[in-house]
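> Give me a model of this one.
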Amino acid sequence: MHNKNKENTNFIESIIKKIVIEGKSIERIQTRFPPEPNGYLHIGHAKAICMDFGIVKKYGGICNLRFDDTNPVKENIEYINSILKDIIWLGFNWGKIYYTSDYFQKLWNFAIQLIQAGKAYVDEQSSKEIAEQKGTPNQSGINSPYRDRPIIENLDLFNKMNQGEITEGTMVLRAKIDMSSPNMHLRDPIIYRIIDHHLHHRTGNKWKVYPMYDFAHGQSDYFEGVTHSICTLEFAVHRPLYDWFIDQLKIFHPENKDYRPSQYEFNRLNLTYTVMSKRKLAQLIRDNIVNGWDDPRMPTLAGLRRRGYTPESIRNFIDKIGYTKFEALIDISLLEYSIREDLNTKAKRVFVVIDPIKLILINYPKEKIEMMEITNNPGNDLEGTHKIAFSRELYIEKEDFMENASKNFYRLTIGKEVRLKNAYIVKCIGVKKNKSGILKEIYAEYYPQTKSGLKESNRKIKGTLHWVSIKHSIPAEVRLYDYLFTVKNPSEEKNFYEKINPNSLTIKTTARIEKELENASPLENFQFQRLGYFNVDPDSTKNKLIFNKTVSLKESKKNKFKFKQIKNNK
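Numbers count the residues shown, from 1 in each chain. As a prediction, this is how the structure comes out:
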């Protein structure tokens, strides 16, 4: 029998729990979140954040934030600030902030020690030649002609590389490990390259050589005292190299005999109808496919926030998909379910007509105005109610009327009755068109005894429509978003640009909103009755409110979320 109270733990948590059971100090647990400041964080990073910060929040310890700033070509202060903002918004706080550049001198010293020990050398071959000489997984590599260069010469050249005397791209420093290793990453990996014409955001022009990620990663963990270095599955094959560098570092730092960081890997987040590569996301921005990192169609945390997603919904989504050792493609419907579930308990219900057509109640008094009571949240009585004006001339959605309707059309059509939500039952009696035959007005009669709350209002009516009073509503812009791509896995396409959805954004400029919304705040969430969940776009002004559609009220039958396993990595 299933135990509902059973704690849901992933395999990494199981490792932590074992430490507790064995009586080791839980305060020794230390993780880090190490983003590269070369773009905005996306929802894939959110999964890593929830792991790195969540594990120590649950079991004790500390998670530090480390910016992996080893490539001045792509790094930017804007990205650093956005990362700080996103982590706090998601609901986490770091212990200390570090930068890999804090350790540039230590890493340089370690590289010098490797050269002196005969375990690193300067290679003058081109990147193409180095790649060709590495061989294949089934064929051993070939030693570089510079592999046995004298130590003194290596030291001299490495210093010249950093002094700007060597042209960028002509020399690299490689670790001397094993060119016949079955692990390609151990075949004399590049550990330093020259980047000469870009100022570093913290160190300026002090350094002309910069460490590669594989070289800086583990050593930075070691310098900080990280115990659990948690990363995604693509780094599993890098772990032997991670361990090799730590082994060498401990030779030169024997004072820390009982300490070494350990790397663990979990599956990265792959989401349907989107791409997660920061390179591809940056390309979309550069080519004006989207309007920046915070475009609501982007999978970035900034984009999701602007679209109306809440931090709670993203954390709940991450919790639902979990952490495993195999790659999977997660249907975006599960993310949509999470925000729908969250906003259902929070979002205020309001009336908005996105694509309006005039409805005139011919027997309703011309000057009469009634204030109808709307429940703010049916699931929470404490949220109370608000009033909305009802009058003779209203707006309804164009799609809620059909002149020649089928018998299965339960909205407004000539000769049939519908209920105006929280108001009256009405019957359509005719329409008005212009000379071109375009519909301009719909005419109906209302039944005074069917006002919401009265006995006659209990009549069985299949169709219910939302509405706003023409005189008492406010103009607004509504932005309707769809998936950015037309295929589930655009990353698999040779040219993912060919699969971009031309209808991913539709802007409605003639929407009408009830006055309750006139003082809505940026990013505030609402449920537009019958239409979906929306939020206020930050571009809104006092004179022009803009709303972004977050998600529909219900999941479409064609898009039931699924969990699709792509590959099984044990």
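> quick one: contacts of the host helix or strand of residue 244?
Using DSSP states H and E, residue 244 maps to helix 239-252. Identification of contacts with helix 239-252 by CB atoms under 8 Å, 6 or more residues apart in numbering yields 110, 113-114, 117, 119, 175, 177, 183, 185-186, 189, 214-215, 217-219, 222, 229, 235, 256, 260-261, 263, 265. To be clear about C-beta, it is placed using only N, CA and C from the backbone, and glycine gets the same treatment.
> likewise stretch 348-357?
With contacts defined as CB under 8 Å, 6+ apart, stretch 348-357 is touched by 374-378, 383, 388, 395-399, 401, 421, 439, 441-442, 466-468, 473, 476, 478, 480, 508, 510-514, 516-517, 525-529, 531, 534, 547.
> So for it, mean pLDDT?
Mean per-residue pLDDT for stretch 348-357: 98.
> With stretch 492-500 instead?
Rounded mean pLDDT across stretch 492-500 is 94.
> how far does it sit from the chain's center?
Distance of stretch 492-500 from its chain centroid, counting by CA atoms, centre = their mean, to the nearest Å, is 20 Å.
> which residues of the protein fall in helices?
Taking DSSP state H as the test, the helices found in the chain are 11-21, 43-59, 77-90, 104-116, 127-133, 151-162, 213-224, 239-252, 278-286, 301-307, 311-321, 332-344.
> Which one, of the ones you listed, ends up nearest to residue 361?
helix 332-344 (32.1 Å; CB to CB).
> tell me the angle that closest one makes with helix 43-59.
For helix 332-344 against helix 43-59, the angle by axes from the mean of the first three to the mean of the last three CA atoms, to 10 degrees is 60 degrees.
> which helices and strands sit right next to helix 332-344?
In this structure, helix 332-344 makes packing contacts with helix 311-321, strand 525-528, strand 532-536, strand 545-551, judged by 3 or more CB pairs under 8 Å, 6 or more residues apart in numbering; DSSP states H and E.
> ok so, going back, per-stretch mean pLDDT over the helices of the chain, give me the minimum one.
Within the helices of the chain, confidence is poorest for helix 11-21, with a mean of 77 (mean pLDDT).
> If you count contacts, what does it end up packed against?
helix 43-59, strand 228-232, strand 262-266.
> So for residue 139, which of those sits nearest?
Residue 139 sits nearest to strand 262-266 of all the helices and strands packed on helix 11-21, at 26.5 Å, using CB to CB.
> which stretches of the stretch 451-570 of the chain have low pLDDT?
556-570 (pLDDT under 70).
> mind checking which of the helices and strands packed on helix 332-344 is nearest residue 327?
helix 311-321 (12.1 Å).
> can you redo the helices and strands packed on helix 11-21 as CSV with distance to residue 245 and mean neighbour count?
CSV is the format used below for the helices and strands packed on helix 11-21 (distance: least, CB to CB, whole Å; neighbours: other CB atoms under 10 Å):
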stretch, distance to residue 245, mean neighbour count
helix 43-59, 21, 21
strand 228-232, 12, 21
strand 262-266, 11, 19
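> Next, format those as a markdown table and append distance to residue 165.
Listed next are those as a markdown table, based on distance: least, CB to CB, whole Å:
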| stretch | distance to residue 165 |
| --- | --- |
| helix 43-59 | 39 |
| strand 228-232 | 36 |
| strand 262-266 | 36 |
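> To residue 274, which of the ones you listed lies closest?
Across the helices and strands packed on helix 11-21, closest to residue 274 is helix 43-59 (CB to CB), at 8.6 Å.
> Check which helices and strands that closest one sits against.
helix 11-21, strand 30-33, strand 62-67, helix 77-90, strand 228-232, helix 301-307, helix 311-321.
> relative to helix 77-90, how tilted is that helix?
50 degrees.
> Send me helix 43-59 as PDB with only the CA atoms.
C-alpha atoms of helix 43-59 as PDB (Å, rounded to 0.1, in the frame of the first residue of the first chain):
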ATOM      1  CA  ILE A  43      14.600  27.100 -16.000                       C
ATOM      2  CA  GLY A  44      17.300  24.500 -16.400                       C
ATOM      3  CA  HIS A  45      19.500  26.500 -14.000                       C
ATOM      4  CA  ALA A  46      16.500  26.600 -11.600                       C
ATOM      5  CA  LYS A  47      16.700  22.800 -11.300                       C
ATOM      6  CA  ALA A  48      20.400  23.100 -10.300                       C
ATOM      7  CA  ILE A  49      19.600  26.000  -7.900                       C
ATOM      8  CA  CYS A  50      16.900  24.000  -6.200                       C
ATOM      9  CA  MET A  51      19.400  21.100  -5.800                       C
ATOM     10  CA  ASP A  52      22.400  23.100  -4.600                       C
ATOM     11  CA  PHE A  53      20.500  25.500  -2.300                       C
ATOM     12  CA  GLY A  54      17.700  23.100  -1.400                       C
ATOM     13  CA  ILE A  55      20.000  20.300  -0.200                       C
ATOM     14  CA  VAL A  56      21.700  22.400   2.500                       C
ATOM     15  CA  LYS A  57      18.400  24.100   3.400                       C
ATOM     16  CA  LYS A  58      17.000  20.700   4.200                       C
ATOM     17  CA  TYR A  59      20.000  19.000   5.800                       C
END
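> quick one, that helix and strand 228-232 angle?
For helix 43-59 against strand 228-232, the angle by the same axes, to 10 degrees is 150 degrees.
> List buried members of the contacts of helix 239-252 by neighbour count.
110, 113-114, 175, 177, 185-186, 189, 214-215, 217-219, 222, 229, 235, 260-261, 263, 265 (16 or more other CB atoms under 10 Å).
> Stretch 291-310: end-to-end distance?
21 Å (CA to CA, to the nearest Å).
> how much space between residue 465 and residue 351?
Separation of residue 465 from residue 351 (CB to CB, to the nearest Å): 10 Å.
> Domains in the chain, by residue range?
118-212, 269-351+474-570, 353-466 (automatic domain parsing).
> For those, give me a markdown table that also has distance to residue 75.
What follows is the domains of the chain, written out as a markdown table (distance: least, CB to CB, whole Å):
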| stretch | distance to residue 75 |
| --- | --- |
| domain 118-212 | 6 |
| domain 269-351+474-570 | 12 |
| domain 353-466 | 42 |
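> Go through these and name the closest to residue 55.
domain 269-351+474-570 (10.1 Å).
> can you pull the contacts of residue 257?
For residue 257, counting by CB under 8 Å, 6+ apart, there are no contacting residues.
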